[in-house]
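Student: sequence plus predicted model, see below.
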Amino acid sequence: MKICVLGLDCAAPEIVFGDERLVNLRRLMDAGMYGRLESVVPPITVPAWMCMSTSQDPGSLGVYGFRNRTDYSYDKLGFANSASIKAIAIWDQLAREGKKSIIIGVPPNYPPRRINGISIGCFLTPDTIKNDFTYPASIKAKLNELVGEYPVDVKNFRTDRKHWLKEEIFRMSEKQWKVVRWLISEQEWDYFHFVDIGLDRMHHGFWNYFDEKHVQFEPGNPYQNAIPEYYLWLDEQIGSVLELLDNETIVLVISDHGAQRLDGGFAINEWLIREGLLVVNEYPKTLTPFDKLNVNWAKTRVWSEGGYYARVFFNVQGREPQGVIAAADYQSFQDEMKARLERLADDKGQPLKSLVFKPKEIYRNVRNVAPDLIVHFGGLYWRSIGTVGHSRIHVQENDTGPDGCNHAQFGMFVLAAPNCPINGEYEGARLLDIAPTLLDLAGYEIPESMQGRSLVAGLEKRSAGGQSQDGNAEKTIHDRLSGLGYI
């Protein structure tokens, strides 16, 4: 049984399930199961898509975001790439049984993974003209023939040029979905997985124009319908793909996380400086990234990296080069910092209600160099600002350019399969449950390394005729034994 996964990066369940105009998604919802989908911590594109594909949490993958510490020095941060993920993915499991896969834009996928099938790079690809971003390499020429220069992302999407941005996202999406339809109809595959990054770019570019609760929202603005227009466009593309699939194909539409408004930014390193936890030899006169600060490491106990969430690091004796915190005090200091971060207030003096996580408490394994604490400021309604020089803690400006939204902990899924025993809305699904569920429905073995559970485990699978597969098997065995005289 074939599996077709259409990934909508950052798709918000309240939009997908609330807009009746999305008729093709409604068709799939009527035919199968759907619901909110709990993402991983942190709910970030990298590593979330590979957490889905491997059914392993970020700690077990050893990837905690786009950039990760490569060792315990102070200045070595490495970008995640395809080689960062060592775990068995769903397409690897199918390859063991001789099945072919096509994966397009499933991050991180640069350099392109060498799989049993076709692999096309994600938005981390530096340059699709200069760099090889497909496997096999010969596919690149065919993509150029189909759509010209193949786009993996919209460059500089954090911009105030909103008209240009909207046009570029639609132009990219049109080319990508044309390639998707060609691959589905013309190439051999048993597992197909595409991630549309355009939706994520629309959300970050236009959420403040769309969400009436956003602090920057202005009624009647010219881009108020930009996001709904893109969802309608995606629904049309999904419909065009459904026309190419037979009735025996498992179809999954899924997001790695959701989207929500940004109320502001919390300047974490500014706060750490005020608290005497981060010591600089000279406070900067202009906004300065953390890696450009003149840090006094002999007196610094804590520092942080900005982003949609905060990665908080401790300066530990015997671990970091100029460690300050005694190793014996690590646990108590971690508890103290967790409590202090949880007590933080917003710009109005009200509790920020931040979520603070200890990696060893939320991950089955903690590999590579993990943050000492992970912080979702205001439940991700506030982003983490890593730069210093604001002279204040709460800011509206983003240190990486204009951004209208943050990621939300819950994404969405719609799963339609001819043998799925569940129909209608489903509660309690997690991102890590998806790969085991797909393998279970398609009749493949689920690797022991996968941490999630099949949502249909223990349930009788339907056959095309309506009778369960298990029921058919039992009847066959019964008839055979009866014919042999054992029954």
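Tutor: Looks like it came in fine. Residues are numbered from 1 along each chain as shown.

Student: and the protein, what are its domains?
Tutor: The chain is divided into the following domains under automatic domain parsing: 3-260+407-442, 264-402.

Student: who are the packing partners of whichever helix or strand Leu252 is part of?
Tutor: If you go by DSSP states H and E, Leu252 is part of strand 250-254. Applying 3 or more C-beta pairs under 8 Å, 6 or more residues apart in numbering; DSSP states H and E, one finds that strand 250-254 contacts strand 3-8, helix 23-31, strand 410-416, helix 434-442. (Each C-beta comes from the backbone N, C-alpha and C, glycine too.)

Student: following the chain onward from that strand, which element is next?
Tutor: With secondary structure assigned by DSSP H and E, strand 250-254 is succeeded by strand 258-261.

Student: burial of the residue nearest to Ser384 when sequence neighbours are not counted, as a residue count?
Tutor: Distances taken as C-beta to C-beta, 6 or more residues apart in numbering put Ala310 closest to Ser384, at 3.7 Å, once the chain neighbours are dropped. Burial measure for Ala310: 27 neighbouring residues, criterion other C-beta atoms under 10 Å.

Student: Lys213 and Ser138, how far apart?
Tutor: 49 Å (C-beta to C-beta, to the nearest Å).

Student: what's the answer for Arg301, then?
Tutor: 54 Å.

Student: for the record, mean pLDDT for stretch 163-171?
Tutor: Here stretch 163-171 scores 98 as its mean pLDDT.

Student: quick check: buried residues in it?
Tutor: 165-166, 168-170 (16 or more other C-beta atoms under 10 Å).

Student: same deal with stretch 229-244?
Tutor: Neighbour counts using 16+ other C-beta under 10 Å place 230-231, 233-235, 237-238, 241-242 of stretch 229-244 among the buried residues.

Student: how far off centre is that stretch?
Tutor: The gap between where stretch 229-244 is centred and where its chain is centred comes out at 21 Å by C-alpha atoms, centre = their mean, to the nearest Å.

Student: tell me which helix or strand comes right after the helix or strand where Leu341 lies.
Tutor: For Leu341, the element it lies in under DSSP H and E is helix 330-342. Later in the chain than helix 330-342, the nearest helix or strand by DSSP H and E is strand 355-357.

Student: and the residue nearest to Ser384, bridged to which residues?
Tutor: Applying DSSP bridges to Ala310 gives these bridge partners: Val375.

Student: show me what contacts it?
Tutor: Neighbouring residues of Ala310 by C-beta atoms under 8 Å, 6 or more residues apart in numbering: 266, 268, 304, 373-375, 377, 384.

Student: isn't Phe157 right up against His203?
Tutor: No - with contact defined as C-beta atoms under 8 Å, Phe157 does not reach His203; the gap is 10.5 Å.

Student: compare the two (neighbour count), which wins?
Tutor: Using other C-beta under 10 Å, the more surrounded residue of Phe157 and His203 is His203, with 27 against 22.

Student: contacting residues for the more buried one?
Tutor: Contacts of His203 were listed using C-beta under 8 Å, 6+ apart, and they are 10, 12, 227, 259, 404-405.

Student: quick one, helices of the protein?
Tutor: Secondary structure of the chain (DSSP state H): helices at 13-16, 23-31, 45-54, 58-61, 90-95, 139-147, 162-186, 198-210, 226-242, 268-274, 330-342, 359-362, 434-442, 469-483.

Student: looking at the ones you listed, which one has the lowest mean pLDDT?
Tutor: Among the helices of the chain, helix 469-483 has the lowest mean pLDDT, at a mean of 52.

Student: report the helix or strand with the lowest average pLDDT across this protein.
Tutor: Within the chain, judged by mean pLDDT, DSSP states H and E, the helix or strand with the poorest mean is helix 469-483; its value is a mean of 52.

Student: distance-wise, check Arg367 relative to Glu336.
Tutor: As for Arg367, its distance to Glu336 is 26 Å (criterion: C-beta to C-beta).

Student: who's more crowded, those two?
Tutor: Remark: of Arg367 and Glu336, Arg367 carries more neighbours, 16 against 11, as counted by other C-beta under 10 Å.
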